[in-house]
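A.B. asks: let's see this in three dimensions:
(2 chains)
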Amino acid sequence: GAVVSQHPSWVICKSGTSVKIECRSLDFQATTMFWYRQFPKQSLMLMATSNEGSKATYEQGVEKDKFLINHASLTLSTLTVTSAHPEDSSFYICSVGNGDKPQHFGDGTRLSIL
Amino acid sequence: DAKTTQPPSMDCAEGRAANLPCNHSTISGNEYVYWYRQIHSQGPQYIIHGLKNNETNEMASLIITEDRKSSTLILPHATLRDTAVYYCIVRDQGAQKLVFGQGTRLTINP
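C.D. replies: Numbering: from 1, shown residues only, chains lettered A, B, ... in the order given. As a prediction, this is how the structure comes out:
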């Protein structure tokens, strides 16, 4: 199956800074990747669908100017949390779509904003 | 919104079969049933999926009722490493998004 690499696995930074998270598809070219966020004791919430070569599609209530997504190649999508604040602290997870085949997920990035 | 209903938690003894139910009474003809699990602090792991027929792989079996309104994931010989949150998800064949519900927190006890 697909192997998805997510980096970094955890990051701690000061309020007001921007943080970039990478998601790589290691064994096939992915035109679509997904970004989720998960708060403690809650389920995964889809934030946006990342499309290679075009703009991401954001779910309702997700600020596109705050969560910048770039999917410039078929194996890499990045999520940048801009001007991060403590309420942005969460577990961010990406997944890779492959048509009708099951999605495969990265191991997540735990973001803590002080 | 998630289209599935699962019990919030279940317990199972190590070595026994774990049977996790899922209701999806509004499922349509094009929608598959997917199962994922999430072990603490990791990303979800794909387990199995099916449309109408029962399915089996090296991880689990999926039993779908004839009317397709419910299904059961079976872990035949549960181990302590199977402790996780299990998510049952209905997804249209043509769609790619997965919408997660609250899942079932399965605890395997020694």
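
A.B. asks: so residue B:45 bridges to which residues?
C.D. replies: residue B:37 (DSSP bridges).

A.B. asks: how close does it get to residue A:19?
C.D. replies: Distance of residue B:45 to residue A:19, computed by CB to CB, to the nearest Å: 25 Å. All C-beta spots, glycine's among them, are computed from the backbone N, C-alpha and C.

A.B. asks: the more surrounded of these two?
C.D. replies: More crowded of residue B:45 and residue A:19, by other CB atoms under 10 Å in any protein chain shown: residue A:19, with 19 against 16.

A.B. asks: quick check: the closest residue to that one other than its chain neighbours vs residue B:103, distance?
C.D. replies: The shortest distance from residue A:19 to any non-neighbouring residue, by CB to CB, 6 or more residues apart in numbering or on different chains, is to residue A:81 (4.8 Å). For residue A:81, the distance to residue B:103 equals 25 Å [CB to CB].

A.B. asks: and these two? which has more neighbours close in?
C.D. replies: residue B:103 (27 against 24).

A.B. asks: so that one is in contact with residue B:87, correct?
C.D. replies: Yes. If you go by CB atoms under 8 Å, residue B:103 and residue B:87 touch, sitting 4.2 Å apart.

A.B. asks: what do these two both touch?
C.D. replies: A:43, B:6, B:38 (CB atoms under 8 Å, 6 or more residues apart in numbering or on different chains).

A.B. asks: in the sheet, which residues pair with the closest residue to chain B within chain A? Tell me.
C.D. replies: Here the residue of chain A nearest chain B is residue A:105; by CB to the nearest CB that distance is 3.6 Å. Per DSSP bridges, the residues bridged to residue A:105 are residue A:95.

A.B. asks: cool, and residue B:61?
C.D. replies: Counting by DSSP bridges, the residues bridging with residue B:61 are residue B:56, residue B:74.

A.B. asks: who's in contact with the worst-scoring helix or strand of chain A on mean pLDDT?
C.D. replies: Among the helical and strand segments of chain A, the one scoring lowest on mean pLDDT, DSSP states H and E is strand A:101-105, with a mean of 88. For strand A:101-105, contacts defined as CB under 8 Å, 6+ apart pick out A:1-4, A:34, A:93-98, B:34, B:36, B:43-46, B:49, B:96, B:98.

A.B. asks: pLDDT of whichever helix or strand comes after that strand, averaged?
C.D. replies: Downstream of strand A:101-105, the next assigned helix or strand under DSSP states H and E is strand A:109-113. Averaged across strand A:109-113, the pLDDT comes to 97.

A.B. asks: done for today, thanks.
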